[in-house]
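1. I would like to see how this sequence folds:
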Amino acid sequence: MARQIIWNKKAAIKFDEIVSYLETELSEKAAMEFVKNVDGLIEKLTKYPEIGRRTKNKKTIRQYRIDKYKKLYYRQQGKSLVIVYIFDDCQNPASNPFKNF
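-> You can find the predicted model right below:
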């Protein structure tokens with residue numbers, strides 16, 4: 001079943017910030033690898049939306065690790081998959097609105 005992907009504004013801004021940071025501070029290759037990982041993850045989530053772990057403070061939001069430091073937060077909305085937020089664990093962990101501890 002093909003699900004529609006919806007990026008909320010905060011998630012889209014954060015995604016762009018991470019890509020820009022990777023291009024500037026690391027390399028264009030690192031930025032492209034991140035984009036490739038996110039695209040692959042979203043494709044997987046459209047097929048198996050239940051694989052993400054539920055967050056403790058918002059039961060409708062699920063999380064899935066993009067890589068060692070970044071998590072993607074999403075929720076199902078009918079036949080759509082809404083990308084809610086991307087969080088980089090290198091930031092202050094207390095600032096994560098979906099913290100799981």
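2. use CA for all of it now, contacts and neighbours both
-> Will do.
3. looking at the chain, which helix or strand does the model trust least?
-> Comparing every helix and strand of the chain by mean pLDDT, DSSP states H and E singles out strand 53-54 as the least confident one, with a mean of 89.
4. how about the helices in this protein?
-> Secondary structure of the chain (DSSP state H): helices at 9-21, 28-47.
5. in its sheet, what does the least confident helix or strand of the chain sit against?
-> strand 62-65 (antiparallel) (DSSP bridges).
6. Could you count how many residues lie near the closest residue to Val35 other than its chain neighbours?
-> Excluding the flanking residues, the one nearest Val35 by C-alpha to C-alpha, 6 or more residues apart in numbering is Val19, at 7.5 Å. Per other C-alpha atoms under 10 Å, the neighbour tally for Val19 reads 18.
7. Now do the same for Val19: its pLDDT.
-> Val19 is assigned 94 on the pLDDT scale.
8. Gln4 versus that one, what's the distance?
-> According to C-alpha to C-alpha, to the nearest Å, Val19 and Gln4 sit 23 Å apart.
9. contacting residues around the residue nearest the centre of the chain?
-> Ranked by distance to the mean C-alpha position of the chain (C-alpha atoms, centre = their mean), the top residue is Leu72 at 2.0 Å. Listed by C-alpha atoms under 8 Å, 6 or more residues apart in numbering, the contact partners of Leu72 are Gln63, Tyr64, Arg65, Ile66, Ile83, Val84, Tyr85, Ile86, Phe87.
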